[in-house]
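K.L.:
no sequence for this one, just the structure:
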């Protein structure tokens, strides 16, 4: 980009063409006052505070909307400007209820700061009349408070809602004298299109919008600010936890504009769902089950008990009879220590975690095709892609902040968005083309798209010949896979498949984004291989903004995989079956290791049925709600001889446990998470743990030591240092280096800057490999008795099994319970009305839930979120596995739905 | 000084929407010429004629058209601004009612020149009969092949939507007008981008005043040379002046630009002041223009001369105030109106207009102080200096100029208290 | 002035030759003239048909004196 040279207050400055004067000034440390500017929204120039004098131009010019020009001479303040600013401030103050004495914003308020800077007299033009107290759109909101008496009508909240979040919930309403921020018709915020991201509260410069729950709990200057990484999804938003040093509780959550990867944006969970941290339901002491009842125990008793039982089982049935579930919610350090404990102390590779249930097929598929099973690109590259192809990812609900980048790409940068999803997800609003494939038919869709791309010769021949192998094997399979053939399978009209293929193939850079809609199938690995084929066919790998991007679901599912919480690999995806690597780890860990790969999550459950697994150590997971075919899972949990649950709550799983160990949550510990873009980021302790709860790695170390394998670290940073020595992709990581913005792996040494996108120049495995994939039906198809296709997934407001989110009153207000989505026509046929109680039945179980009648799902299909213990969707789901990745088919099963018989 | 009927020559000679009456007097000649010339030549002619907008801002029309014509792809719009909400301004109504075909011909030529297929005329909601007439005119025009596809057998397609405005002063401001049509709040917005780049629905858009567009067929029909023979250097043509206030005879008069002085105009066409008293002050450019008084009234009726005299030609709405009335009363009357018309979008105007109204009420009510006058000056100055749009930048001008020209009136109002 | 009914409303849509973003303002003026207000269900319907948000249309309507909407409409 061209640089222009100009002058601000006598200082020579250069900035890229198009930079505004205000931004350029900021860059050289000059704060031009403003009350309506934010780098994330278009300038609106409503406050008129940022005026400057430009040499040779008559009058004053606002700096937020004026680009710098070559040779421009800018004066940001002189006596005239200062006087005008003061008058404008005094006008604003005459219309703003100055209540700094009792305002939460006191000390962090731009209006207050400028009033002070310009010594503006709040009473100069009279004090505003108080408006009559009447309810407004936020009066009944659990999350947000709006005080129109303090509102300065800068419009930042409305613009954020419209331009960044694109929820379009807020507007100005009324005429001069009565203008207020409102929702449509002034309806309650939680009933509007608001997604409760809290962006309006964050962006408000004058204390008019506030966190309702935080009011009176401390001004920002009274609170301690701790930068950490969000504990919900895999985006890895940087959050600032504001805690009261007196009570040790989190008062509110904010985020800083400019931080990576979320640029100050948050979603409802990061912003409003931290209540779980201080919940009185937290576990505070170890529990041992005696005579079917939990009794409190000391740590010594509990550790002793666990160690003894594990030793006993190991000596009786062998190490292979013990298995451990590590956790994608825990830190990298916790995961490293846990798998080391299972491998080195117990002596088995039976360690896995919930990645098995979400992205096992990604790891398997992308590793085969490219050599590395992670997101190829960085989050902020998405917005610059020419085409964004979203398939099987409800991005705005499951990864809301990545959803913002997608919207930005489309709305600001003209990206062409292609959405393929059985449900008309919110992003379909922004799509150039939306197509609804029948659940489980992704391979047919992708094969047909490739058929079109090849027959229309819009593929990248150079890329294929230089960078890939086995293209010849792909061709025959695609030859007959016409869009017409795919139409019969997917129900997508052939013409739309053609259009989709052209949009994708013709883009300069095309980025595929997918998630569990692709992976959670018996054909999950096939689905992933198909996407890899598509990307390689068009040369869309190995460059910025073009690639294959699986979005990871849990905050640290990437890290848990990276650190070897998998049965077949040591940390850094180093195979346990490779004897050289085995030797390397044996010497590092000073212990003989097993060279046999271990069992996966669902296999462990099945092995319990067969008496092969006798003890199960679960750290921070909740299979009693998260695993498929719950009746079967729960039987296993009941059957297993010895079950340890190490958790922050007495979860559904913990109830089956023999011992429950209280651990600390993300806000109470130091460590790192690795987000979906492979960025290792810091987790920092902000509050003191409840009761006797301890860090997961500390607990594990104590158990291991008690079992005769001494493990001890001085802190999480020491663990990271050990990780770096045995894990090549983390070789350059250290707490010091990742302190500010984190580092993206691969980062092999201390000098390496980290990797923004993978496979540049060459694939990890050398050449990219095409895998011909035949279409296969899902394991279970609808029939007479089970005529619907049931698919499951997440919703915005909840996370996983709801253990954390459902502690939040803000969340409970908008998402009180589960439901099943059913098409309007199907509902009419079954005489089911919206909100009515229905039962959903599959071969595996039956649950009662509420019907949500909608046009957003196709006829014959049902959708259920899986977060709710009342009406748990996983009672219904199929535990048939993908043969390669062993991931169960959460996304497709055959179901029936019935109207509940009315009680007489 | 005498009237010159260039734009208004057909007014009263036929019964709109009768098209024959219009055609019989040389109507549609310009449109046919334009179609034959091609868009670029039309724009060149308008540029050569030196036509500037008659809506208040005085932007040159030809260059404005050229900017929109420069965008070759996609939808473009032309909007005829017939809001005419400015105080003391009612000249567009004369054309809209008396010779609507002339305005429509201007719209069609404009649409042809810039390549806009969709046009709007946004008419003041209080002009009920005008709107009715235009609804009928559109029907007639469709019948006559002047709207729709293949206009006059050419490839030109233009559609016109008649919009009745909703009685807000601010929608006369072009960006607020556009927002209104976009179903956004009736409020101005930031520029750049200008409507010519991103106007209606984000597309290049021409917004022209009624009188501006009425000039277009005249220029093409009479020829640029003939047109430029009228007026003065830099300001060719005629202008429609609305005359109102304390005069014997209000009305709209078409005058050659620069043909006489403001004082002569008031005397000859208004028949002098209503009460026969001397003129105290005049607003030459509508209700938001600065007052002129004394020798300044001898300025010529050109934009430049009026500017030099200390005011602006604005909408050419001449409002006369005779001696006997306090300047406080006069500005109170004006602010009564403007005080409710801020769109509320930018802070100084939204709050400033209300504070100014409050202070003037206070001074008028005999409770003012010197500090109040100082506040009027400060708020007024700030609004003029930093407001977003013409409304915010202009509404304090009469207040500020009254304070400068008639300080004794304000002091008298204040002293009433102290006495 | 009539009380709101669907048939009259549908006829108004026909009168303007179908609802588009380009004639939405004019159309809602007609709704206002016909029914004396713009009922919430009309706002919802036109929002759905034009893709503009309900908030935008509602907020816009409240900026005019002459449009009656929401509570002023009895909704």
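P.N.:
Yep, that arrived. All of these numbers come straight from a predicted model, not from anything done at the bench.
K.L.:
Please count neighbours and contacts with C-alpha atoms only from this point.
P.N.:
Fine.
K.L.:
For the residue nearest the centre of chain C, which non-adjacent residue is spatially closest?
P.N.:
Chain C has residue C:28 as the residue nearest its centroid, 4.0 Å off, counting by CA atoms, centre = their mean. Closest residue to residue C:28 apart from its sequence neighbours, by CA to CA, 6 or more residues apart in numbering or on different chains: residue C:38 at 7.2 Å.
K.L.:
Might you list the low-confidence residue ranges for chain A?
P.N.:
Counting by pLDDT under 70, chain A contains low-confidence residues at A:902-904.
K.L.:
State which strand of it is the longest.
P.N.:
strand A:845-854 (DSSP state E).
K.L.:
going on from it, what's the next piece of helix or strand?
P.N.:
strand A:861-865 (DSSP states H and E).
K.L.:
Please tell me how far the spatially most distant residue from the centre of chain C sits from residue C:24.
P.N.:
The C-alpha centroid of chain C is most remote from residue C:17, which lies 15.3 Å away (CA atoms, centre = their mean). Using CA to CA, to the nearest Å, we find residue C:17 at a distance of 11 Å from residue C:24.
K.L.:
Same check on residue A:897?
P.N.:
Distance of residue A:897 to residue C:24, given as CA to CA: 42 Å.
K.L.:
Pick out whichever of the two has more residues nearby.
P.N.:
More neighbours surround residue A:897 than the other of residue A:897 and residue C:24, with 25 against 21 (other CA atoms under 10 Å in any protein chain shown).
K.L.:
Sheet-wise, list the partners of the one helix or strand that one maps to with their directions.
P.N.:
Assigned by DSSP H and E, residue A:897 falls within strand A:893-899. Next to strand A:893-899 in the sheet, as set by DSSP bridges, lie strand A:788-793 (antiparallel), strand A:837-842 (antiparallel).
K.L.:
Would you mind listing the outside residues contacting it?
P.N.:
A:778-783, A:785-791, A:830-832, A:836-843, A:877-878 (CA atoms under 8 Å, 6 or more residues apart in numbering or on different chains).
K.L.:
Show me which residues of that strand are buried.
P.N.:
A:893, A:894, A:895, A:896, A:897, A:899 (16 or more other CA atoms under 10 Å in any protein chain shown).
K.L.:
Give the full set of residues in contact with the residue in chain B positioned nearest to chain A.
P.N.:
Residue nearest to chain A within chain B (CA to the nearest CA): residue B:346, separated by 4.2 Å. Residue B:346 makes contacts with A:45, A:46, A:47, A:48, A:154, B:387, B:388, as judged by CA under 8 Å, 6+ apart.
K.L.:
Compare these and tell me which is most surrounded.
P.N.:
Using other CA under 10 Å as the neighbour test, those are led by residue A:48, with 30 neighbours.
K.L.:
That one contacts residue A:63, correct?
P.N.:
No - using CA atoms under 8 Å, residue A:48 is not in contact with residue A:63, being 9.2 Å away.
K.L.:
Any regions of chain C where pLDDT drops low?
P.N.:
Checking chain C against pLDDT under 70 turns up C:1, C:75.
K.L.:
what residues does it put near chain B?
P.N.:
C:21-26, C:56-57, C:59-66 (CA under 8 Å from any CA of the partner chain).
K.L.:
from those, which would you call buried?
P.N.:
By 16+ other CA under 10 Å, the residues of chain C next to chain B give C:21-26, C:56-57, C:59-64, C:66 as buried.
K.L.:
Cool, thanks, talk later.
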